[in-house]
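**Student:** below are the sequence and a predicted model; questions follow.
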Amino acid sequence: MWLDVKITDAAGKTLLRSGELDKKGDIDKDAVVYHTKLGTEKGALLNVVLADRVLYDHRIPPKGYMIESYAFYTPDDAVSPLNVEVTLKYRSSSQELARILLGEKAPVIPVIDMAKVCRKK
């Protein structure tokens with residue numbers, strides 16, 4: 001799961017974008033992603049069967065929540081109100097893993113919008 005965040009001004013100018021998928025279907029590197037990384041003392045592994053430890057754990061617990069913070073620059077020419085759109089997205093596997101396992105012609109892994117909030121500020 002990850003957060004797809006887009007903040008635009010009333011004229012449609014993008015002020016913040018995080019969590020967007022690129023042309024290959026990969027999530028941008030600065031997005032907030034909820035997942036675990038398994039590995040060994042040498043680092044992360046693709047084959048989780050060989051893992052002996054959790055290297056990183058940033059998940060939302062069942063019936064739980066996370067509060068995330070974003071900072072961005074609002075230019076002087078930004079037109080009020082600002083539009084904030086946040087979507088919690090999910091897919092069963094990363095597109096990168098699909099390409100590693102199945103090659104460049106791997107099928108597109110579907111993305112599901114789990115929750116979405118839009119506000120004008």
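**Tutor:** Now that the structure is in, tell me what you want to look at.
**Student:** can we go C-alpha only for contacts and neighbour counts from here?
**Tutor:** Fine.
**Student:** okay, strands next: where are they in this structure?
**Tutor:** Along the chain, the segments classed as strands by DSSP state E run 2-8, 14-18, 35-40, 43-44, 53-58, 83-90, 112-120.
**Student:** which other helices and strands contact the longest one?
**Tutor:** When contacts are defined as 3 or more C-alpha pairs under 8 Å, 6 or more residues apart in numbering; DSSP states H and E, strand 112-120 sits against strand 83-90.
**Student:** avg pLDDT for the strand it packs on?
**Tutor:** Mean per-residue pLDDT for strand 83-90: 97.
**Student:** listing partners with orientation, what would you give for it?
**Tutor:** For strand 83-90, the paired strands and their directions (DSSP bridges) read strand 2-8 (antiparallel), strand 112-120 (antiparallel).
**Student:** show me the contact partners of that strand.
**Tutor:** Where contact means C-alpha atoms under 8 Å, 6 or more residues apart in numbering, the residues beyond strand 83-90 that reach it are 1-10, 111-121.
**Student:** quick one on the thing from earlier: please identify the most buried of the strands of the chain.
**Tutor:** When you average the neighbours per residue for each of these (mean count of other C-alpha atoms under 10 Å), strand 2-8 leads with a mean of 21.
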